[in-house]
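K.L.:
Provided below are the primary sequence and the corresponding predicted coordinates.
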Amino acid sequence: MKRFFAVFLSLSLFGCGGLDKGYDLYIYNSKGENAQQFEAMCRAYTEETGVRVKAFSIGSGQDHMETLRAEMNAKNKPAIFSIQGLKELVEWQEGGFVLDLSQVQDPPFAALVSGVAPSLRLTTGDASSYGIPYNVEGYGYIVDRRMLAAIFGTAAVEPVISDIKSASYDEWAALIRALDRWIRTPQAIRVVLSGRSYSLVPAHAGPALNLTGVFAVMGAEKWTYGDHFINVALNAVFSSPNEAFTAPDDKIRSARPAFTAYARALDLKTSYLAGKNGPAQRGQDFVSPANFGYDQTVQIFTEGKAVFFKQGNWINDNIKKIDADLVQRLEFLPVKMPFAASDIVRSDGMTVDKLNRSIPVFVPNYYAVNVLASETEKKLACDFLVWLNTSPRGQKFLVEDFAFIPYNADPAVTTVPNALGNSIIGYLQSGDIIGAPYHGAPASWSGDVVGLEIMQHYLIKTPWNEADYAAIADYAVDQWLKLK
């Protein structure tokens, strides 16, 4: 009996070859915006399968890599973790953490892997596949249709949205300056969009009464103007992350004019800032997390103090918590830059007009499987990913709770229960989309290097000049060459 009890106790304490950790599957989630929904999904999976899931999600706007590195060096490592594209894949490959999913023989999981479209695969260019997409996301300037009605009149909302999408950069810049004048002193200013003339209403009313500036901008969040804003400029040079990842030095140097356009567009955007209590301007206050951090800037936009807010559809739940009605009135507009035809050095027929009427749509995160996990944990990880992406309950969480657009959605028939997601689907249907080549840049280049440089040396001063634009472009090129 003593021997039986000892064996029983050993089996109870040591599951899968080690001390029972209180869970069977550990998942690291880098999308802090859906932390609560992710926990609920994992509880639902446990209820359905009996598999105990530990879920860890970072905070909204937090850089996930430092935390993930710590978890990967802990005794109990996640079996599923997040990779944000090629720029992070290299580190996990070199560290021996990431499993090549194309080698997994389990039929349901093998079918899931082979079903990821080639353009969406996380790969180094061969037959390998290192991740299952979370979803597809998009970003641009978010605008409230009700705010546009207060500025242009209700009847003009749909034509204005359509014409802003196809407007030239010069028309866009003129609109921004007109809106700034109108916010300060309402008057019937005339603007031209896509060659058609519109008049701003002569007085403030409704949501326009709260306006303090044209743009809500997260000055303290360098990834917004590092990673995402500069990614638009990279689309003038590279058609994909893989192309950026393998780019020779002369191709990288050819991006200098596009980076100059990026600097000009960033100058325009950060010259017309909405603040909490009035117009804001560049300076130390603007890069303070206490004033222009993630949550503070969401609040500024949601309270109707800004016309435009450059963010992605991942912001849906943050806005919904403040104003559930607002999220049903939102629309994406393209992030435009003052490109010249000579700045477009891609070989696939990309044009200035196409770039400036498109929004980036891409896979932001991938679920990877930890090669260091036990065979049991790997099998549980694969089973979970199949359930999430193929079962009705898993799909319900993705579409309804996470407000995700599934990576395998058919844009002709797919709708999601939020306006921003459906706005992205509209761009998918029209084909007016660009990609995320910044994922192929060196891992720290766009956010931690270029973004930090912008924060420390440019967002704290006003005005900028031609020398500043050139210096920003030179720095972006030189640092890429240094880091590659």
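P.N.:
Noted; the coordinates are in hand.
K.L.:
low-scoring stretches of this protein, by residue?
P.N.:
Within the chain, the segments meeting pLDDT under 70 span 1-20, 60-62.
K.L.:
go through this structure and flag its longest helix.
P.N.:
Assignment by DSSP state H gives helix 466-483 as the longest helix of the chain.
K.L.:
what is that one packed up against?
P.N.:
Contacts defined by 3 or more C-beta pairs under 8 Å, 6 or more residues apart in numbering; DSSP states H and E place helix 466-483 against helix 249-253, helix 256-269, helix 452-457. The way it works is simple: take the backbone N, C-alpha and C, and place the C-beta from them, glycine included.
K.L.:
so which elements touch the first one?
P.N.:
Right, the one you point to is helix 249-253. By 3+ C-beta pairs under 8 Å, 6+ apart, helix 249-253 packs against helix 466-483.
K.L.:
contact partners of the longest helix of the chain?
P.N.:
Counting contacts by C-beta atoms under 8 Å, 6 or more residues apart in numbering, the residues outside helix 466-483 that touch it are 230, 249, 252-253, 255-257, 259-260, 262-264, 267, 441-442, 444-445, 449-450, 453-454, 458.
K.L.:
7 Å instead, please
P.N.:
Around helix 466-483, the neighbours that count as contacts under C-beta atoms under 7 Å, 6 or more residues apart in numbering are 249, 252-253, 255-256, 259-260, 263-264, 441-442, 444-445, 449-450, 453, 458.
K.L.:
relative orientation of it and helix 256-269 in degrees?
P.N.:
130 degrees (axes from the mean of the first three to the mean of the last three C-alpha atoms, to 10 degrees).
K.L.:
send over helix 466-483 as PDB, restricted to the C-alpha atoms.
P.N.:
Presented in PDB, the C-alpha positions along helix 466-483 are these (Å, rounded to 0.1, in the frame of the first residue of the first chain):
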ATOM      1  CA  GLU A 466      13.600  71.100 -44.800                       C
ATOM      2  CA  ALA A 467      16.800  70.200 -42.900                       C
ATOM      3  CA  ASP A 468      14.700  68.200 -40.400                       C
ATOM      4  CA  TYR A 469      12.900  66.200 -43.100                       C
ATOM      5  CA  ALA A 470      16.300  65.300 -44.700                       C
ATOM      6  CA  ALA A 471      17.800  64.400 -41.300                       C
ATOM      7  CA  ILE A 472      14.900  62.100 -40.500                       C
ATOM      8  CA  ALA A 473      15.200  60.400 -43.900                       C
ATOM      9  CA  ASP A 474      19.000  60.000 -43.500                       C
ATOM     10  CA  TYR A 475      18.700  58.600 -40.000                       C
ATOM     11  CA  ALA A 476      16.100  56.000 -41.100                       C
ATOM     12  CA  VAL A 477      18.300  54.800 -44.000                       C
ATOM     13  CA  ASP A 478      21.600  54.800 -42.000                       C
ATOM     14  CA  GLN A 479      20.100  52.900 -39.000                       C
ATOM     15  CA  TRP A 480      18.600  50.200 -41.300                       C
ATOM     16  CA  LEU A 481      21.900  49.600 -42.900                       C
ATOM     17  CA  LYS A 482      23.600  49.500 -39.500                       C
ATOM     18  CA  LEU A 483      21.100  47.100 -38.000                       C
END
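K.L.:
and it, what's buried?
P.N.:
Within helix 466-483, the residues scored as buried using 16 or more other C-beta atoms under 10 Å are 468-469, 471-473, 475-477, 479-480.
K.L.:
go on, stretch 26-38?
P.N.:
26-35, 37-38.
K.L.:
and the buried residues of helix 466-483, which is closest to Gly312?
P.N.:
Proximity of the buried residues of helix 466-483 to Gly312 (C-beta to C-beta) peaks at Ala476, which lies at 22.0 Å.
K.L.:
please report the distance of that closest one from Phe384.
P.N.:
According to C-beta to C-beta, to the nearest Å, Ala476 stands 39 Å off from Phe384.
K.L.:
cool, Asp325 as well?
P.N.:
Distance from Asp325 to Phe384, by C-beta to C-beta: 35 Å.
K.L.:
try Ser358
P.N.:
34 Å.
K.L.:
okay, now the nearest residue to Val386 once chain neighbours are set aside: neighbour count?
P.N.:
Using C-beta to C-beta, 6 or more residues apart in numbering and skipping the chain neighbours, the partner closest in space to Val386 is Pro108 (4.8 Å). For Pro108, the neighbour count with other C-beta atoms under 10 Å is 12.
K.L.:
and the contacts of stretch 386-403?
P.N.:
With C-beta under 7 Å, 6+ apart, stretch 386-403 has contacts from 34, 37, 40-41, 44-45, 48, 108-109, 112, 132, 135, 313, 316-317, 404, 406, 416-418, 421.
K.L.:
that one: which residues count as buried?
P.N.:
Quick answer for stretch 386-403 (16+ other C-beta under 10 Å): 386-389, 394-395, 397-399, 401-403.
K.L.:
still on that earlier bit, between the helices and strands packed on helix 466-483, which gets nearest to Pro289?
P.N.:
helix 452-457 (11.2 Å).
K.L.:
packing partners for the closest one?
P.N.:
If you count contacts as 3 or more C-beta pairs under 7 Å, 6 or more residues apart in numbering; DSSP states H and E, helix 452-457 packs onto helix 222-223.
K.L.:
distance from the helix or strand just after the helix it packs on to the middle of the chain?
P.N.:
Proceeding N to C from helix 222-223, the next assigned helix or strand is helix 229-234, under DSSP states H and E. How far helix 229-234 lies from its chain's middle: 12 Å, per C-alpha atoms, centre = their mean, to the nearest Å.
K.L.:
what's in contact with helix 229-234?
P.N.:
244, 255, 258-259, 261-262, 266, 335, 337, 360, 436-438, 446, 450.
K.L.:
8 Å instead?
P.N.:
Here helix 229-234 makes contact (C-beta under 8 Å, 6+ apart) with 244, 255, 258-259, 261-262, 265-266, 310, 335, 337, 355, 360, 434, 436-438, 441, 446, 450-451, 476.
K.L.:
is Val113 in a helix, a strand, or coil?
P.N.:
helix (DSSP: H, G, I helix; E, B strand; the rest coil).
K.L.:
how far does stretch 94-103 stretch from start to finish?
P.N.:
Criterion C-alpha to C-alpha, to the nearest Å; first-to-last residue distance in stretch 94-103 is 18 Å.
K.L.:
contacting residues around stretch 278-287?
P.N.:
So stretch 278-287 is in contact with 183-184, 212-213, 217, 219-220, 270-271, 273-274, 291-292, 455-456, 458-462, going by C-beta under 8 Å, 6+ apart.
K.L.:
now that stretch: buried residues?
P.N.:
Buried-residue list, stretch 278-287, by 16+ other C-beta under 10 Å: 279-280, 282, 286-287.
K.L.:
span of that stretch from start to end?
P.N.:
With C-alpha to C-alpha as the measure, stretch 278-287 spans 17 Å from end to end.
K.L.:
now do stretch 95-115
P.N.:
27 Å.
K.L.:
ok, and for that stretch, which residues are buried?
P.N.:
Those would be 97-101, 104, 109-110, 112-113, for stretch 95-115 by 16+ other C-beta under 10 Å.
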